[in-house]
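1. test case, fold it:
(2 chains, ligands or ions: 2)
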Amino acid sequence: MTLQRFMDDAISPWMREDAQDSDIVISSRIRLARNFADAVFPVIADSSELEKIREFFQKEYAHQSFETYDDFEFVSIRDLTAVEKLVLVEKHLISPLLARKPESAAALISQNEQVSIMVNEEDHIRIQLYYPGFQLTKALEKAFALDDWLEEKINYAYDEKRGYLTACPTNVGTGMRASVMMHLPALAMTKQMNQMIPAINQLGLVVRGIYGEGSESIGNLFQISNQITLGKSEGDIVADLQGVVKQLIEHERNARKYILKQSRENLEDRIFRSYGILKYSRIMESKEAARCLSNVRLGVDLNIIDTVSRNAMNELTVLIQPGFLQHYAKNTLSPKERDILRASLIRKRLGEED
Amino acid sequence: MECQECHQRPATLHFTQVVNGQKNEIYVCEVCAKEKGYMSYPTDGYSLHDLLTGLFNLDSAGVSSSHQKAFQDVQELECPTCNMTFSEFKRIGKFGCADCYETFAAELDPIFRRVHSGNTVHQGKIPKRQGSNLHVKKQLEQYKAQLQSLIEQEAFEKAAEVRDKIKELQKIADSTDKEAGDDA
Ligand SMILES: [Zn+2]
Ligand SMILES: [Zn+2]
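-> Ligands and ions are numbered 1, 2, ... in the order given. As a prediction, the model looks like this:
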């Protein structure tokens, strides 16, 4: 009944671990795109070809273990309900694209939800690995080990000149996308974020707002990742990303200090108002929830609020999304019903913290 | 200064690129810059999608009719393994299989340059099992370069050590090559 546990717990076990710089960097992720050498890519493959690959993964890897990743759970997308798919997407265990591909798409998920190997997404294989906080080097090391483990049984599409061959030209070479999720409220408040994004882009990195349009971010959560996959080694790509993330951490810390010094009362007021809204509201839209959670998270990080844990914040960020709400309700919900349930779940979770 | 690509028009654009670890100075005209994919990224926010949809618009105004002719021929390239044509590849922005890379090889450098900041050659990981020959080959290249510089520095004792390592590795390389040959 592992799938049930993936569904019921909003917070993945790996997220509970305390980690370096986790007041600003929420998580680090490495994703590797791989393909079979002797099968056409999923984009144009017919159903029997895709099914052969799905069956191969089920036969070879379901309930297998690798190092600390015990007993991989094999999940076929076609066996999931719409709400179950949505929940796995909201937990980042599968991609939205995989969820939309019912035919022979699948995922191997580790028990601690740190590793997810997607099958028949845009590429045959997408290895995805998360670490809490700022731990890209560790994540890369583990991703390479998992890659070698799969390669014991699979002939990869690889070319000496072009590297790992992928369906999309934007992934060829290393096939790697390294990314970090950062909470940058002080840079957003002091309007520095918009000025920094073009400079970050020039270094071959992409900044994306989470839960917003383009680089806008409602909850001040930003994803930074590499654009280039060809002509630079994985180690160099990660090192460059780390360099920029370190600078962003420093800028964010300075901006937090600056705001505390210049207008402590205003900041405290903003944080406690948000806390009040979360604790007492009866109807809560997702945008308002994201905005308030960001303020309260900042309050926790700055020791302005000491009655709430960072884990509660991480949990609520996942919990308040439409898929999770409907999973809890065991029912499909209208937007209004969702807003009411969202408010009640937040009240309940924050009540547990007191 | 004349354009280093066509040697006809004056070079109006200057790019500095770090390609496969080496710094290149490039002086080209606007037409060649577009055609060869030297145009760098826009400096403000862009998405992967913008990049992809803009990816293949290399055939803009100013390309001569002979270029247009060549362009037609290219569109008819078809991958023998998956039947993907070059024009279909351009339309969907995705390869159909590993062999497409070989089939469209002549057309890919400008596209990769554009997407990957001027790079066309992989620098990273080699598959552990499949690439064991490649690992040996890469290591051999490194040792040979090392040997060369040691000889130039007249550090003959060290050079002899490296030479032994090369002999050792060469044996491994030769034996795996032979195995591969026996297999076929
Ligand atoms: Zn020219
Ligand atoms: Zn093909």
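
2. on the three-state scheme, A:Lys232 is what?
-> coil (DSSP: H, G, I helix; E, B strand; the rest coil).

3. my read is that it contacts B:Gly124, right?
-> Yes. Between A:Lys232 and B:Gly124 there is a contact under CB atoms under 8 Å: 7.2 Å. C-beta coordinates here come from the backbone N, C-alpha and C atoms, glycine included.

4. the two: which has the busier surroundings?
-> Comparing A:Lys232 with B:Gly124 by neighbour count (other CB atoms under 10 Å in any protein chain shown), the higher total belongs to A:Lys232, at 26 against 19.

5. rewinding a little: shared neighbours, A:Lys232 and B:Gly124?
-> A:Gly173, A:Thr174 (CB atoms under 8 Å, 6 or more residues apart in numbering or on different chains).

6. now do the contacts for the nearest residue in space to A:Thr174 that is not next to it in sequence.
-> Nearest residue to A:Thr174, sequence neighbours excluded (CB to CB, 6 or more residues apart in numbering or on different chains): B:Gly124, at 4.2 Å. Applying CB under 8 Å, 6+ apart, we find B:Gly124 in contact with A:Gly163, A:Gly173, A:Thr174, A:Met176, A:Lys232, A:Ser233, A:Glu234, A:Gly235, A:Ile237.

7. in terms of pLDDT, where does the residue in chain A that chain B sits nearest to sit?
-> Nearest residue of chain A to chain B (CB to the nearest CB) works out as A:Gly231 at 2.3 Å. Per-residue pLDDT puts A:Gly231 at 96.

8. how many residues are close by it?
-> There are 26 residues near A:Gly231, going by other CB under 10 Å.

9. for A:Arg54, give me its contacts.
-> Counted by CB under 8 Å, 6+ apart, A:Arg54 has contacts A:Ser76, A:Ser104, A:Ala105, A:Ala106, A:Val119, A:Asn120.

10. for the fourth one, give its distance to ligand 1.
-> Meaning A:Ala106. Per CB to the ion, to the nearest Å, A:Ala106 is found 50 Å from ligand 1.

11. ditto for the last one
-> For A:Asn120, the distance to ligand 1 under the criterion CB to the ion works out to 44 Å.

12. now the strands: where do they sit in chain A?
-> Along chain A, counting by DSSP state E, strands occupy A:25-34, A:73-76, A:106-109, A:115-119, A:125-132, A:158-159, A:163-164, A:176-183, A:205-209, A:221-226.

13. for the fourth one, packing partners?
-> I take that to be strand A:115-119. helix A:47-61, strand A:106-109, strand A:125-132, helix A:136-151 (3 or more CB pairs under 8 Å, 6 or more residues apart in numbering or on different chains; DSSP states H and E).

14. minimum distance to ligand 2: which of the ones you listed has it?
-> Closest approach to ligand 2 among the helices and strands packed on strand A:115-119 (CB to the ion): helix A:47-61, 13.1 Å.

15. buried stuff in that closest one?
-> A:Glu49, A:Leu50, A:Ile53, A:Arg54, A:Phe56, A:Phe57, A:Tyr61 (16 or more other CB atoms under 10 Å in any protein chain shown).

16. stretch A:130-141 too?
-> Quick answer for stretch A:130-141 (16+ other CB under 10 Å): A:Tyr130, A:Tyr131, A:Pro132, A:Gly133, A:Phe134, A:Gln135, A:Leu136, A:Lys138, A:Ala139, A:Leu140.

17. so which of the residues you listed is the closest to B:Glu107?
-> Set against B:Glu107, the nearest of those by CB to CB is A:Leu140 (32.2 Å).

18. pretty sure that closest one is touching A:Ala178, no?
-> Yes. Applying CB under 8 Å as the test, A:Leu140 and A:Ala178 come out as touching, 7.0 Å apart.

19. now the common contact residues for those two.
-> A:Ile30, A:Glu234, A:Val238.

20. measure how buried the first one is and give me the count.
-> Around A:Ile30 there are 27 other residues, counting by other CB under 10 Å.

21. isn't it right up against A:Thr137?
-> No. Shown here, A:Ile30 and A:Thr137 do not form a contact pair, counting by CB under 8 Å, at 9.8 Å.

22. in chain A, which residue is closest to the centre?
-> Here the mean C-alpha position of chain A is nearest to the C-alpha of A:His92 (CA atoms, centre = their mean), at a distance of 4.9 Å.

23. where's the nearest residue to that residue once chain neighbours are set aside relative to B:Phe89, distance?
-> In this structure, A:His92 finds its nearest non-sequential neighbour in A:Tyr130, 7.3 Å apart by CB to CB, 6+ apart. Per CB to CB, to the nearest Å, A:Tyr130 is found 33 Å from B:Phe89.

24. likewise for A:Ile127?
-> 25 Å.

25. and A:Leu248, by the same measure?
-> For A:Leu248, the distance to B:Phe89 - CB to CB - is 37 Å.

26. close enough to count as contact, A:Asp339 and A:Met284?
-> Yes. Contact criterion CB under 8 Å: A:Asp339 and A:Met284 qualify, at 5.6 Å.

27. shared neighbours, the two?
-> By CB under 8 Å, 6+ apart, no residue touches both A:Asp339 and A:Met284.

28. which residues does A:Lys336 contact?
-> A:Lys336 sits in contact with A:Ile283, where contact means CB under 8 Å, 6+ apart.

29. state the distance from it to A:Glu285.
-> In terms of CB to CB, A:Lys336 sits 10 Å off from A:Glu285.

30. and A:Glu337, by the same measure?
-> Taken as CB to CB, the span from A:Glu337 to A:Glu285 is 13 Å.

31. now do B:Gln142
-> From B:Gln142 to A:Glu285 the distance is 59 Å (CB to CB).

32. those two: which is more packed in?
-> A:Glu285 (15 against 11).

33. tell me the pLDDT at the residue nearest to the more buried one when sequence neighbours are not counted?
-> In this structure, A:Glu285 finds its nearest non-sequential neighbour in A:Asp339, 5.6 Å apart by CB to CB, 6+ apart. Model confidence at A:Asp339, expressed as pLDDT, equals 95.

34. which parts of chain B are strands?
-> B:13-19, B:22-28.

35. and the nearest residue to B:Glu78 once chain neighbours are set aside, how many neighbours does it have?
-> The spatially closest residue to B:Glu78, leaving aside those adjacent along the chain, is B:Thr85, at 4.8 Å (CB to CB, 6+ apart). Residues lying near B:Thr85 (other CB under 10 Å) number 18.

36. residues in contact with stretch A:58-73?
-> With CB under 8 Å, 6+ apart as the criterion, stretch A:58-73 contacts A:2-3, A:6, A:74, A:76, A:106, A:108-112, A:114-115, A:117, A:145-146, A:149, A:153.
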